[in-house]
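starting from these lines, generate the structure:
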Amino acid sequence: MNGRRIAFRNARLIDPASGLDAKGGLLVENGRIADIGPRLFNDADKNDPEIIDCRGLVLAPGLIDCRVFTGEPGAEHRESLQSASEAAAAGGVTTMVTMPNTDPVIDEPSLVDFLKRRAAATAKVRVAPMAALTRKLAGEVMTEIGLLKEAGAVAFTDGDRTVANARVMRRALSYAATFDTLVVGHAEDPDLTQGAAMTEGEFATRMGLPAGPALAEAIIAERDIRLVELTGARYHFGQISTRASLEVIAAAKARGLPITCGVSAHHLALNELDVGLYYTFRKVKPPLRSEDDRAAMVEGVASGVIDVIVSSHEPQGADTKRQPFGAAAFGTVGLETLLPVALSVHHNGHASLSHVLKALTSTPARVLGLNAGTLTKGAPADLVLLDDGEPFVVNERKLHSRAHNTAFEGRKFQGRARMTFVGGECVYTAG
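Purely as a prediction, here's the structure:
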């Protein structure tokens, strides 16, 4: 256990879980938060061997990224747990929730155990693995949810694949409900979007690219909400991207169903026109949508209908991205740009800083049942010191990820992490 005692002084403390937003200080002992409050603002103590002057910057709970794809096991050349954790630390993320889309697929208890051990040995931040909902992600036979949960899986998902068979989905939801565990779904009708590279519409037509209708998302959202109504299972949409889906989920929440949802950073900041001249680094799944849909995602975060903001970090090598748009792989790296993109919602006047940070900290912790995302006494000292006003330009060569397929190359942002702590240990310092 970390036995260090660290005193953070002269900070703006923001803890969305408790509603705290005040000047003050925070004390860390043995890797946990020992004290916090305004009275510690500038109160040095002779027992503090290490004092960090926050210079008025924001000290908040470390971010929890609920949607991270890595290449380990099977494709470590794209991204390992270690390299992903370095990118996470640089982005203020202290907990990565990893997807089971690896080789082999994380569909056995032994593989969940492997991931946890591997992360403990190599990762700078905490890693919470999700396990596959169906074997081999094939959407045909559900996995042993009880045993996988016992092994340490925090939720169950097929990642970026939709379980197309409604009967299989119903059985999986019923089984998950008996263990009170979370199912994370991908809303995209695979038949309507087969072979699609973009969202159907005028722009895709002018670009001459295969496209699928945006409504393919809401169709599956409607179906899965009805199955939740039938089974009573807890359900989370990993990411949504259309106004139609937002309206469907808002109605389900109004009926009291146990539904939550997330949105990716790139669907908050980019629309289909940003593909420009076939820029494959902005080929993502689901594809970038219309400006109206993008604006709806911002509205959803501001209203609270959208519960969490995720990076949907999906590293790809140059060999899979530097191809004709239709043949290029889906995905963008995003661990280091998650915070700046989310902060743009605040800077553009749509939501308070505390509200945005809530979607990155306490709400993901609540949805997944994690002991994280708060500054309360006794909580793990997973912290981010951030400058919400620092301007910078994204440079792919400076990213810590092993892959550099960022959708935000050259983009200007305001706000980034300056220091990141996990269990009281500093895992990242800017510059």
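
contacts, neighbours, all on C-alpha from now
Noted.

residues near the nearest residue to residue 103 once chain neighbours are set aside, how many?
If the residues on either side of it in the chain are set aside, residue 103 comes closest to residue 74, at 4.6 Å by Cα to Cα, 6 or more residues apart in numbering. Residues lying near residue 74 (other Cα atoms under 10 Å) number 15.

three-state assignment of residue 74?
Here residue 74 is recorded as coil under DSSP: H, G, I helix; E, B strand; the rest coil.

also the one 5 residues further on?
Assigned with three-state DSSP, residue 79 falls in the coil class.

how about residue 97?
Per three-state DSSP, residue 97 ends up strand.

wait, the residue nearest to residue 103 touches residue 102, no?
Yes - using Cα atoms under 8 Å, residue 74 is in contact with residue 102, at 6.3 Å.

which residues sit in contact with the residue nearest to residue 103?
Residues in contact with residue 74 (Cα atoms under 8 Å, 6 or more residues apart in numbering) are 102-104.

which of those residues are buried?
residue 102 (16 or more other Cα atoms under 10 Å).

turn the contacts of residue 74 into CSV, including secondary structure and distance to residue 69.
Listed next are these as CSV, based on DSSP: H, G, I helix; E, B strand; the rest coil; distance: Cα to Cα, whole Å:
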residue, secondary structure, distance to residue 69
102, coil, 8
103, coil, 12
104, coil, 14
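
touching stretch 316-333 from outside, list them.
Applying Cα under 8 Å, 6+ apart, the contact partners of stretch 316-333 are 78, 196-197, 209-210, 278-285, 311-315, 401, 403-407.

which parts of the stretch 251-400 of the chain are helices?
Taking DSSP state H, counting those that start in this stretch, the helices of the stretch 251-400 of the chain run over residues 265-269, 291-303, 318-321, 338-347, 353-358, 362-368.

one step back: so which of the contacts of stretch 316-333 are in strands?
If you go by DSSP state E, those have nothing in strands.

can you check the pLDDT for the residue nearest to residue 103?
For residue 74, the pLDDT comes out at 95.

residue 50 now?
89.

ok, how many other residues are close to the nearest residue to it once chain neighbours are set aside?
Excluding its sequence neighbours, the residue lying closest to residue 50 (Cα to Cα, 6+ apart) is residue 6, at 5.0 Å. Per other Cα under 10 Å, the neighbour tally for residue 6 reads 22.

residue 6 - that's part of a strand, no?
Yes - per three-state DSSP, residue 6 lies within a strand segment.

secondary structure element for residue 11?
strand 5-15 (DSSP states H and E).

that strand pairs with which strands?
strand 20-29 (antiparallel), strand 50-53 (parallel), strand 58-61 (parallel) (DSSP bridges).

how far away from the center of its chain is that strand?
Relative to its chain's centre, strand 5-15 lies at 25 Å (Cα atoms, centre = their mean, to the nearest Å).

what does it contact?
Contact with strand 5-15 is made by 20-30, 40-44, 48-61, 354, 374-375, 424, as judged by Cα under 8 Å, 6+ apart.

name the helices or strands packed onto the helix or strand hosting residue 224?
Per DSSP H and E, residue 224 falls inside helix 215-231. Where contact means 3 or more Cα pairs under 8 Å, 6 or more residues apart in numbering; DSSP states H and E, helix 215-231 is packed against helix 166-178, helix 243-254.

between those, which one is nearest to residue 274?
helix 243-254 (18.7 Å; Cα to Cα).

between the closest one and helix 291-303, how many degrees?
Helix 243-254 and helix 291-303 are oriented at 30 degrees to each other (axes from the mean of the first three to the mean of the last three Cα atoms, to 10 degrees).

going forward, begin numbering at 165 instead of 1
Sure, I'll start numbering at 165, so the last one becomes helix 407-418.

tell me the mean pLDDT over helix 407-418?
The average pLDDT within helix 407-418 is 98.

report the buried residues of it.
407-410, 413-414, 416.

what of stretch 443-458?
443-455, 457-458.

same deal with stretch 186-193?
Across stretch 186-193, burial judged by 16+ other Cα under 10 Å covers 187-193.

do stretch 306-324 as well
Buried positions in stretch 306-324, judged by neighbour count with 16+ other Cα under 10 Å: 306-310, 312-313, 315-324.

please parse the protein into its domains.
Domain segmentation of the chain under automatic domain parsing yields 165-220, 226-532.

could I get those as CSV with distance to residue 577?
CSV is the format used below for the domains of the chain (distance: least, Cα to Cα, whole Å):
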stretch, distance to residue 577
domain 165-220, 20
domain 226-532, 6
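
point out the one among those domains that comes closest to residue 575.
Minimum separation from residue 575 across the domains of the chain (Cα to Cα) falls at domain 226-532, 10.1 Å.

distance of residue 356 relative to residue 364?
11 Å (Cα to Cα, to the nearest Å).

which one of those two is surrounded by more residues?
Ranked by neighbour count (other Cα under 10 Å), residue 356 and residue 364 place residue 364 first, with 21 against 15.
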